[in-house]
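1. sequence and computational prediction follow.
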Amino acid sequence: MGLFDKFENADVRALIEEYPLAWVCAGPAGAVEASLLPLVGIYDGDGQLVELIGHLMRSNPLHGALVSDPRATILFKGPDAYISPEHAGIRNWGPTWNYAQIKIGADVEIDDALTEYSLGVLIEAMEAHRELPWAVEELGARYEGMLQRIIGFRATVTSLSGKFKLGQDEKSETFASIMGSLPHEATLSWMLRFNKGRE
């Protein structure tokens, strides 16, 4: 396992919660259907991701692909930033890119019975911290019509890998220079997360 492949369950959860819009990909090679969908993670008692809950339009070609073959690859992308030698403070240093990503293999169960549940968990996740959280009841009669056009799903995790390239390999002085000059707050925050204990 490489330096950038090491991460904890809490890192997976934080990335999914901060960046819930993921590519969901399905279908045979050469005919893959893919769509960006917001997903909510479900975790076991140890904090390990076990499921992702989502929904999609019935008219989305991904729906048909998942009905034909319920296996999917799900890709989450976290913060990223180009790191110039200027940020490193070293002219003969090679530029690089810092980023965080998770790749998940999953078996997808599409079910009408999951539609309202999937909407409920997504709205709760997105609205819970707002001063005046929105609720589906505010849609009124439009809600029933909307339910007819979408369908919920549960993606059971079968594999998970990630790469968190966030400056772990940099010398302390180079890391400090990047932290002091890079204008990307989200990337800096994740760099700190993966470099605890640096002077």
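-> Ah, there it is. Values in this document were obtained by computation on a predicted structure and should not be read as measured data.
2. only C-alpha atoms for contact and neighbour calcs from this point on.
-> Fine.
3. so residue 26 sits against residue 62, correct?
-> Yes. Residue 26 is within contact range of residue 62, at 6.8 Å (criterion: C-alpha atoms under 8 Å).
4. show me where the chain dips below the pLDDT cut-off.
-> 199 (pLDDT under 70).
5. quick check, residue 145 in a strand?
-> No. Going by DSSP: H, G, I helix; E, B strand; the rest coil, the assignment for residue 145 is helix, not a strand.
6. quick one, which of residue 26 and residue 62 is more surrounded?
-> The neighbour comparison of residue 26 against residue 62 (other C-alpha atoms under 10 Å) goes to residue 26, with 26 against 21.
7. what about the residue nearest to that one when sequence neighbours are not counted, neighbour count?
-> With sequence-adjacent residues excluded and distances taken as C-alpha to C-alpha, 6 or more residues apart in numbering, residue 26 is closest to residue 72, at 4.8 Å. Here the count is done by other C-alpha under 10 Å, and residue 72 has 26 residues near it.
8. tell me the strands beside the helix or strand where residue 72 lies, with direction?
-> Assigned by DSSP states H and E, residue 72 belongs to strand 71-83. Take DSSP bridges as the rule and strand 71-83 pairs in its sheet with strand 21-26 (antiparallel), strand 96-111 (antiparallel).
9. one step back: list residues touching both of residue 26 and residue 62?
-> 33-34 (C-alpha atoms under 8 Å, 6 or more residues apart in numbering).
10. please identify the most buried of the strands paired with strand 71-83.
-> strand 21-26 (a mean of 21; mean count of other C-alpha atoms under 10 Å).
11. for whatever helix or strand comes next after that strand, which positions count as buried?
-> On the C-terminal side of strand 21-26, the nearest following helix or strand under DSSP H and E is strand 33-38. Neighbour-count burial for strand 33-38 flags 33-35, 38 (criterion: 16 or more other C-alpha atoms under 10 Å).
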